[in-house]
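Novice: Below: sequence and its predicted model.
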Amino acid sequence: MKRAQWILIAGFSALLVSVAWAQTPEDVFNRGNELYRAGKYQDAVREYEHIIKQGYSSAELYYNLGNAYYRNEQLARAILSYERAAQLHPSDPDIAHNLKLVYLKTIDRIEPVPEMFFIQWMRAVGSLVSPETVRFLFILSWVLLFGSLATMYFILRPDILRAARIIFFVSFVSVVLWATMLGIQSFQETIQDKAIITAQIVTAKSSPDDKSVDAFVIHEGVKVKLTDVVGDWVKITLVDGKVGWIPADQCERI
């Protein structure tokens, strides 16, 4: 082949590569949606996962990925994707509906241990407002609190003092309220190191050792709490309180 032809082929290949790199995450996302609508679910999964590997994430992306995994009969991956979508958009009814639906497909029916009333209250209150909103309102309350203090100190007019006292009282209550909310959300973040079982069948052990006693058997799609790590083993806790050790590659963090 002549040198000019090699140069032409190389230039054309470089052009194709540059076009591929020029595709935006939105382009890839839309292509994944088209593949999903065409019933090519595994191809859609590949497109969505490509976006995630590039460092992008959103509730809609994980939701669509969960739908593709579900249609492709990859139950554990569908649950994992829906759970990640729910973390990014906890109040989305479509995510909650699909997550509830896909959990009905799992084999295990594990009854949770009843939570103490204050844990239930903290969980409910912490989900009412996003952490970003809470932090903004906390800072705003602090500004109003110190602003009203400064006003009462430097301005002695009775009408302004009266308004400043009201603002001080309201902002003080707000600071306490939003500080409490921040504490609740921080508490929830510390206890939410959760994972989904991705292997079809998992035999949990009583200690991080293949030769240790079997503790219990669970199946793909079960959500567990991660409490410890030893080498290639992780300690899991089920919602009914059972504790065991499994290989780390048999589950994936949400």
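Specialist: Perfect, thanks for sending it. Every value quoted in this text rests on a predicted model; they were computed, and no experiment measured them. Numbering: from 1, shown residues only.

Novice: list the buried ones in stretch 161-179?
Specialist: Ala164, Ile167, Phe168, Ser171, Ser174, Val175, Trp178 (16 or more other Cβ atoms under 10 Å). Glycine gets a C-beta too; all of them are placed from N, C-alpha and C.

Novice: now, which of the residues you listed lie within strands?
Specialist: Assignment to strands by DSSP state E places none of the buried residues of stretch 161-179 there.

Novice: Mind checking which of these land in helices?
Specialist: Of the buried residues of stretch 161-179, the ones assigned to helices by DSSP state H are Ala164, Ile167, Phe168, Ser171, Ser174, Val175, Trp178.

Novice: ok, the first one - contacts?
Specialist: Spelled out, it's Ala164. Residues in contact with Ala164 (Cβ atoms under 8 Å, 6 or more residues apart in numbering) are Ser148, Thr151, Met152, Ile155.

Novice: For Arg77, see how far away it is.
Specialist: Ala164 is 57 Å from Arg77, where distance means Cβ to Cβ, to the nearest Å.

Novice: And for the fourth one?
Specialist: Using Cβ to Cβ, one obtains 47 Å as the distance from Ser171 to Arg77.

Novice: Check which element follows the helix or strand where Ile184 lies along the chain.
Specialist: Ile184 is part of helix 158-190 when elements are defined by DSSP states H and E. Later in the chain than helix 158-190, the nearest helix or strand by DSSP H and E is strand 194-197.

Novice: returning to that earlier point: quick one: mark the members of the contacts of Ala164 that sit in strands.
Specialist: Going by DSSP E, the strands hold none of these.

Novice: Redo those as TSV? Include neighbour count and pLDDT.
Specialist: Shown next, in TSV, are the contacts of Ala164 (neighbours: other Cβ atoms under 10 Å; pLDDT from 0 to 100):
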residue	neighbour count	pLDDT
Ser148	21	88
Thr151	17	86
Met152	17	83
Ile155	11	79
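
Novice: could I get these as a markdown table with distance to Asp193?
Specialist: Output for the contacts of Ala164, formatted as a markdown table (distance: Cβ to Cβ, whole Å):
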| residue | distance to Asp193 |
| --- | --- |
| Ser148 | 41 |
| Thr151 | 45 |
| Met152 | 46 |
| Ile155 | 50 |
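
Novice: List just the nearest of these to Gly231.
Specialist: Ser148 (56.0 Å; Cβ to Cβ).

Novice: In this model Leu161 seems to touch the closest one, though I could be wrong.
Specialist: No. Using Cβ atoms under 8 Å, Ser148 is not in contact with Leu161, being 9.9 Å away.

Novice: joint contacts of these two?
Specialist: What both Ser148 and Leu161 touch, as defined by Cβ under 8 Å, 6+ apart, is an empty set.

Novice: where does the stretch 151-254 of the chain dip in pLDDT?
Specialist: Within the stretch 151-254 of the chain, the ranges that satisfy pLDDT under 70 run 187-192.

Novice: The nearest residue in space to Ala86 that is not next to it in sequence: how many residues sit nearby?
Specialist: Spatial nearest neighbour of Ala86, chain neighbours left out: Ile95 (5.1 Å); criterion: Cβ to Cβ, 6 or more residues apart in numbering. Number of residues near Ile95 (other Cβ atoms under 10 Å) recorded here: 24.

Novice: The one 10 residues further on too?
Specialist: Lys105 has 13 neighbours, counted by other Cβ under 10 Å.

Novice: Mind checking what secondary structure it has?
Specialist: Following DSSP: H, G, I helix; E, B strand; the rest coil, the label given to Lys105 is coil.

Novice: and it, what is it in contact with?
Specialist: By Cβ under 8 Å, 6+ apart, the contact set of Lys105 is Leu75, Gly221.
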